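**Student:** Provided below are the primary sequence and the corresponding predicted coordinates.
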Amino acid sequence: MIEADILEKIQPGAKVRVWERIKEGEKERQSPFEGIVIACKHGKEPGATFTVRGVLQEIGVEKVYPFGSPAIAKVQIVSPVKKVRRSKLYYLRDLSNKKVREKLKVSL
């Protein structure tokens, strides 16, 4: 579960690191995924989700996480929201990393 104080800081434009629990056979490990939150859907209610977009090996990857998912070990806020004028940042899909840094004033 995500802690309440971090739950409030997960907003579009924030850079986050999500630690996922991954089961491989009988073993369990944690894997980090780092990126920018581009959307939060359905508020913070049960069934609500947030979408994180990261770039891995020059390919954009998006993952959708439910807020109440037991697969999430923890969430770290790498950098908070600086400047966002929209609630859904889908336009970031078409921009280069340099343009995203300029628009959001964050480092990728």
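**Tutor:** Perfect, thanks for sending it.
**Student:** the residue most distant from the middle of this protein, which is it?
**Tutor:** Glu26 (27.7 Å; CA atoms, centre = their mean).
**Student:** quick check on it: phi, psi?
**Tutor:** Backbone geometry at Glu26, expressed as degrees, to the nearest 10, gives phi -100, psi -10.
**Student:** also Lys98?
**Tutor:** Main-chain dihedrals, Lys98, degrees, to the nearest 10: phi -60, psi -40.
**Student:** neighbours of it, how many?
**Tutor:** 9 (other CB atoms under 10 Å). Quick note: C-beta positions are derived from backbone N, CA and C, even for glycine.
**Student:** give me the distance between it and Leu104.
**Tutor:** 12 Å (CB to CB, to the nearest Å).
**Student:** what's the answer for Arg86, then?
**Tutor:** According to CB to CB, Arg86 and Leu104 sit 11 Å apart.
**Student:** what about the two, which has more around it?
**Tutor:** Ranked by neighbour count (other CB under 10 Å), Arg86 and Leu104 place Leu104 first, with 22 against 11.
**Student:** retrieve the pLDDT associated with the more buried one.
**Tutor:** pLDDT, Leu104: 83.
**Student:** renumber starting at 240 from here on
**Tutor:** With the count now opening at 240, the last piece we talked about shows up as Leu343.
**Student:** quick one, what contacts it?
**Tutor:** Gly252, Ile275, Lys321, Lys322, Val323, Leu331 (CB atoms under 8 Å, 6 or more residues apart in numbering).
**Student:** look up the closest residue to the last one, ignoring the ones flanking it.
**Tutor:** Beyond its immediate neighbours in the sequence, the residue positioned closest to Leu331 (CB to CB, 6 or more residues apart in numbering) is Val339, lying 5.5 Å away.
**Student:** quick one: neighbours of that neighbour, just the number.
**Tutor:** Going by other CB under 10 Å, the residues that sit close to Val339 add up to 18.
**Student:** surely it is in a helix?
**Tutor:** Yes: when DSSP: H, G, I helix; E, B strand; the rest coil is applied, Val339 is found to be in a helix.
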